[in-house]
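**Student:** sharing a model prediction with you, sequence too.
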Amino acid sequence: WTHAGARALLDHPRNVPDDVLKLIGDGPGKKDGVVQSVFFPGFIAPSDVNATVSHVADHIEYIANIAGRNRVGIASDFDGMYLTIDGLEDASKYPNLVAELLRRGWSREEMQGVLGGNLMRIMDKVDAVSERLKREIAPSSAIWEKRADLPARSWGGGGVNVYWPEDVKAAVEQMPTRHDEL
């Protein structure tokens, strides 16, 4: 999961439910993964509340308490947001989040994991699997959209921007197109 918070803290379809968080971790029945916590206010705090660094830290801690501190990271979404968290307006404010988590008892090593180490550990494993599969399996000409063995053959399961809050949809529709090639 990436660019998501904990659904138990804010009930939004983009946020990760507890039953999924319980599947991530070490041991039997667990998947080796990481949840990248987002900074978008609409996924972190109720709309009538001014979202703060503390709210982001709450989501990170909630995810970590279920999946493990080595299973959480950050996915700011700064490149796709028109609203920001108070105290996390841009990447120069990361020290505010680091200070908040350190204040809550996170170690230096755990912070290195949250700030990229946990994701890189998983990506290294993904790369290792890719290299192994290149040796074991011939390339496939299967096209994603034509694969009947997959549960969903379109992004998001319901169309473009289906999980965006209504205020985000409205704001995006009003934005001028800057990169029509994308």
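**Tutor:** Sure thing, it's come through.
**Student:** now do the strands in this structure.
**Tutor:** Taking DSSP state E to define them, one finds strands in the chain at 2-4, 35-38, 72-75.
**Student:** what's the closest of those strands to residue 138?
**Tutor:** Ranking those by their distance to residue 138 (criterion: CB to CB) puts strand 2-4 first, at 30.2 Å. (C-beta placed from N, C-alpha, C; glycine too.)
**Student:** quick one on the thing from earlier: please work out which of the strands of the chain is packed deepest.
**Tutor:** Compared across these, strand 35-38 shows the largest average neighbour count, a mean of 26 (mean count of other CB atoms under 10 Å).
**Student:** what's in contact with it?
**Tutor:** Applying CB atoms under 8 Å, 6 or more residues apart in numbering, the external contacts of strand 35-38 come out as 1-5, 14, 16, 21, 24, 44, 56, 59-60, 63, 67, 71-77, 119.
**Student:** that one pairs with which strands, and in what direction?
**Tutor:** Taking DSSP bridges as the criterion, strand 35-38 forms sheet pairs with strand 2-4 (parallel), strand 72-75 (parallel).
**Student:** got TSV for these, with distance to residue 135 and mean pLDDT too?
**Tutor:** Supplementary listing: the strands paired with strand 35-38 in TSV, determined by distance: least, CB to CB, whole Å; pLDDT from 0 to 100:
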stretch	distance to residue 135	mean pLDDT
strand 2-4	28	89
strand 72-75	30	95
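**Student:** to residue 34, which of the ones you listed lies closest?
**Tutor:** Between residue 34 and the strands paired with strand 35-38, the shortest gap by CB to CB is with strand 72-75, which sits at 5.3 Å.
**Student:** okay then, goodbye and thanks.
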